[in-house]
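J.: Requesting a structural model of the entry that follows:
(chains A and B)
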Amino acid sequence: MENVNSLIQERINKTEKLKAMGVNPYPSGYRPDISISEALDRFGDMEEETLEKESGLYNFAGRIISRRDFGKASFFHIKDRTGRIQAYIRKNKVDDVGFKIFKLMDIGDHIGIKGRLFRTRTGELTVLAEGLVFLGKSLRPLPEKWHGLTDVETRYRQRYVDLIMNDHVKEVFVLRSKIIQSIRKFLVDKDFLEVETPMMQPIPGGATARPFKTFHNALGMDLYLRVAPELYLKRLVVGGLERVFEINRSFRNEGISIKHNPEFTMLEFYMAYATYEDLMVLTEELFTHILMENLGSLVVEYQGMTIDFKPPWPRISLFDALRDTGRVDEKAFHSREDAAKAAMEFQISLLPRDGHGTILTKLFDHLVEPQLNMPTFIIGYPTEVSPLSRRNDQNPDLTDRFELFIGGREIANAFTELNDPIDQKERFQNQVALREAGDQEALFMDQDYVRALEYGMPPTAGEGIGIDRVVMLLSDSPSIRDVILFPHMRSIETGSGDETFEENKDK
RNA sequence: GGGCGUGUAGCUCAGUUGGCAGAGCAGUUGACUCUUAAUCAAUUGGUCGGAGGUUCGAGUCCUCCUACGCCCA
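T.: Model prediction:
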């Protein structure tokens, strides 16, 4: 158990004193009748004389976040979800017991204040307390008032403290929620149906990525956390749900970085009778909608660069983008050997099983992707790296697919869906061969998905958009951890008594 | 997996050439009924991330481990 330090002990002692006075340190049932922002909005601009006449008695509630004590009076600020306001308590305005209770309160405690508003000599709108209710004891001291909490590890591990101390953090997560609402509204207005598909899947699919594995005891079977909802959503299109979308978590058992969290949120949507070209237009429309609704502008400052989202966005083929760098020999586009040679020049690690298309895509990822700051559609992905995409009619080695890059990162991936069950089965077989050759990211054979296609999927296009990355762009956040409330961290040594961990270790 | 950096009081941080572990804020005690980083006086608080080593002596030097950050794979 953790050592109880003197600061916590001091607060426990105060709690005991409150109890001795007959005060419940954790009461329930108190209801504020005005929020802080409401009070500020309604009375903030009022002249002092009007304020005196108009301001009635209100019940406020909030957490004490600062205090300036005098002998028989005190100024302090309280904070609720909507804002912060100053309060003033005077011994002769509340009774002796009330003031004694206040003296036992600390920064961090929750308090209910009955009072009316006035303006101090310095002009700040302030609640003059006529009564107070103790609403909840905080046993741990909050970080310092001036520097606040800056230690990133503590900010992520104890997000609750981060949220108390850093208003900007809360704003990011409010924006995140609003962005998701905008997306939902945009799609619902276009007659898309929101659905939920399995996160625990017997066969993981829909993306080339390493999955997490778990075990269902009652069924006696392995299950995987999904790496994408794709194959289930497309089964629904086969079933006649011609426009579907899902916004939820996917899981990838890969490294953690500034742009990767093991669980992340993705929007995937599928639209029958549409092509990947239609989706480029739709994507521009969607981003315009999100940006105008939440930021009121199509121009965004991100980490010192200015990103202009005004459509149309350039569409460049992957090979052309690679050519345009001028850093890859033309021969690399025509033979695997020369592509491999080019990759070696840039110290890109290759595997013997990597085909020509894979090598060129790796070159693109290395040389082009980080440079694509303005919204850019890259089209013409090799079939080899696109096992679920429809082949291009002119060139079957390429697919009807695009990825969207913004701020040097992949934001979206979309394609006209492969709805030829025979071609799909062959693609799966190629993936299985890669898996057998040791590629842990390769797709599994999914017979049921092939069977679904055999019933006939209408011509369809689908897209996945990384929500976390979109929120990063719109909130000017450098790390994905800044837009995920509880990002993954290594667990701190829990000691030998952690039975839950021991029990699951063998699985 | 590799490289660089960081870890000292509840929080934010100093700590010199290896020589008594510090400051501000918070806390405690006292004064104070218009302050807002309130003020004034006094004062408590430490597994210097962990283990080992070098040394008369280690927060400081060395090795290993650990967590976090950044870069690379």
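
J.: Now for A:Ser35, how many residues are close by?
T.: 18 (other Cβ atoms under 10 Å). Glycine gets a C-beta too; all of them are placed from N, C-alpha and C.

J.: quick one, what contacts it?
T.: A:Asp80, A:Arg81, A:Thr82, A:Gly83 (Cβ atoms under 8 Å, 6 or more residues apart in numbering).

J.: what do you get if the cut-off is 10 Å, keeping everything else the same?
T.: Residues near A:Ser35 by Cβ atoms under 10 Å, 6 or more residues apart in numbering: A:Asp41, A:Tyr58, A:Phe60, A:Ala61, A:Gly62, A:Asp80, A:Arg81, A:Thr82, A:Gly83, A:Ile85.

J.: Kindly give a single PyMOL line that selects the buried subset of these.
T.: Burial among the contacts of A:Ser35 is assessed by 16 or more other Cβ atoms under 10 Å; the matching PyMOL selection reads:
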select buried, chain A and resi 58+60+61+62+80+83+85
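
J.: Among the contacts of A:Ser35, pick out the one closest to A:Arg336, please.
T.: A:Arg81 (58.6 Å; Cβ to Cβ).

J.: Can you add distance to RNA strand B, secondary structure and pLDDT and give the contacts of A:Ser35 back as TSV?
T.: Shown next, in TSV, are these (distance: Cβ to the nearest atom of the strand, whole Å; DSSP: H, G, I helix; E, B strand; the rest coil; pLDDT from 0 to 100):
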residue	distance to RNA strand B	secondary structure	pLDDT
A:Asp41	19	helix	95
A:Tyr58	18	strand	96
A:Phe60	16	strand	98
A:Ala61	20	strand	98
A:Gly62	15	strand	98
A:Asp80	17	strand	97
A:Arg81	20	coil	96
A:Thr82	18	coil	96
A:Gly83	14	strand	96
A:Ile85	10	strand	97
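
J.: ranges for the strands of the stretch 51-200 of chain A?
T.: A:58-69, A:73-80, A:83-90, A:110-119, A:125-136, A:193-194, A:200-201 (DSSP state E, counting those that start in this stretch).

J.: ok, of the contacts of A:Ser35, which one's closest to A:Met200?
T.: Nearest to A:Met200 among the contacts of A:Ser35 is A:Arg81, at 34.3 Å by Cβ to Cβ.

J.: What's the separation between A:Met266 and RNA strand B?
T.: Distance, A:Met266 to RNA strand B, by Cβ to the nearest atom of the strand, to the nearest Å: 21 Å.

J.: coming back round to it: put together TSV for the strands of the stretch 51-200 of chain A, with distance to A:Leu372 on each row.
T.: As requested, the strands of the stretch 51-200 of chain A are exported to TSV (distance: least, Cβ to Cβ, whole Å):
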stretch	distance to A:Leu372
strand A:58-69	43
strand A:73-80	41
strand A:83-90	40
strand A:110-119	48
strand A:125-136	49
strand A:193-194	30
strand A:200-201	32
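
J.: How about the secondary structure of A:Met46?
T.: coil (DSSP: H, G, I helix; E, B strand; the rest coil).

J.: Next up, the contacts around the closest residue to A:Val368 other than its chain neighbours.
T.: Spatially, and ignoring its direct neighbours in sequence, A:Val368 is nearest to A:Ala321 (4.8 Å; Cβ to Cβ, 6 or more residues apart in numbering). A:Ala321 sits next to A:Pro314, A:Phe364, A:Leu367, A:Val368, A:Glu369, A:Gln371, A:Leu372, A:Thr376, A:Ile378, A:Ile379, A:Gly380, A:Phe405 when contact means Cβ under 10 Å, 6+ apart.

J.: just checking, which of those belong to helices?
T.: A:Phe364, A:Leu367 (DSSP state H).

J.: Closest to A:Arg249 out of the contacts of A:Ala321?
T.: Of all the contacts of A:Ala321, A:Arg249 sits closest to A:Phe405, with 23.0 Å by Cβ to Cβ.

J.: Any figure for the gap between that closest one and A:Ile78?
T.: Distance, A:Phe405 to A:Ile78, by Cβ to Cβ, to the nearest Å: 46 Å.

J.: what do you get for A:Ala321?
T.: From A:Ala321 to A:Ile78 the distance is 55 Å (Cβ to Cβ).

J.: swap in A:His110?
T.: Applying Cβ to Cβ, the value for A:His110 to A:Ile78 is 9 Å.

J.: what pLDDT does the most far-flung residue of chain A relative to its centre get?
T.: Largest separation from the mean C-alpha position in chain A: A:Asn92, at 49.7 Å (Cα atoms, centre = their mean). At A:Asn92, the pLDDT value in this model is 93.

J.: contacting residues around it?
T.: With contact taken as Cβ under 10 Å, 6+ apart, A:Asn92 is in contact with A:Lys72, A:Ala73, A:Phe99.

J.: Now it: phi and psi?
T.: Main-chain dihedrals, A:Asn92, degrees, to the nearest 10: phi -80, psi -10.

J.: tell me which element the residue nearest to A:Val368 is part of?
T.: helix A:318-324 (DSSP states H and E).

J.: Quick check: next helix or strand after that helix?
T.: Going down the chain from helix A:318-324, the next helix or strand is helix A:336-345, by DSSP H and E.

J.: What's the mean pLDDT across that following helix?
T.: On average, helix A:336-345 scores 94.

J.: May I have it as CSV, with CA atoms only?
T.: Output in CSV follows, covering the C-alpha atoms of helix A:336-345 (Å, rounded to 0.1, in the frame of the first residue of the first chain):
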residue,chain,number,x,y,z
ARG,A,336,11.6,-5.6,-58.8
GLU,A,337,15.4,-5.8,-58.8
ASP,A,338,15.9,-2.1,-59.5
ALA,A,339,13.1,-1.2,-57.0
ALA,A,340,14.9,-3.3,-54.4
LYS,A,341,18.2,-1.5,-55.2
ALA,A,342,16.5,1.9,-54.8
ALA,A,343,15.1,0.8,-51.4
MET,A,344,18.5,-0.4,-50.2
GLU,A,345,19.9,3.1,-51.0
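
J.: quick one: is it near RNA strand B?
T.: No: figure legend: helix A:336-345 not in contact with RNA strand B (Cβ under 7 Å from any atom of the strand); closest approach 10.5 Å.

J.: And what about A:Ile290, helix, strand or coil?
T.: Applying three-state DSSP: A:Ile290 is helix.

J.: separation between it and RNA strand B?
T.: Relative to RNA strand B, A:Ile290 is positioned 25 Å away (Cβ to the nearest atom of the strand).

J.: Over to A:Ile179?
T.: 22 Å.

J.: Kindly report the same for A:Gln447.
T.: Following Cβ to the nearest atom of the strand, the distance that separates A:Gln447 from RNA strand B is 34 Å.

J.: Quick one: name the residues of the stretch 401-507 of chain A near RNA strand B.
T.: The stretch 401-507 of chain A comes close to RNA strand B at residues A:Pro478, A:Ser479, A:Arg481, A:Pro487, A:Met489, A:Arg490, A:Ile492, A:Glu493, as judged by Cβ under 7 Å from any atom of the strand.

J.: Try it again at 10 Å.
T.: Counting by Cβ under 10 Å from any atom of the strand, the residues of the stretch 401-507 of chain A lying close to RNA strand B are A:Pro478, A:Ser479, A:Ile480, A:Arg481, A:Asp482, A:Pro487, A:His488, A:Met489, A:Arg490, A:Ser491, A:Ile492, A:Glu493.
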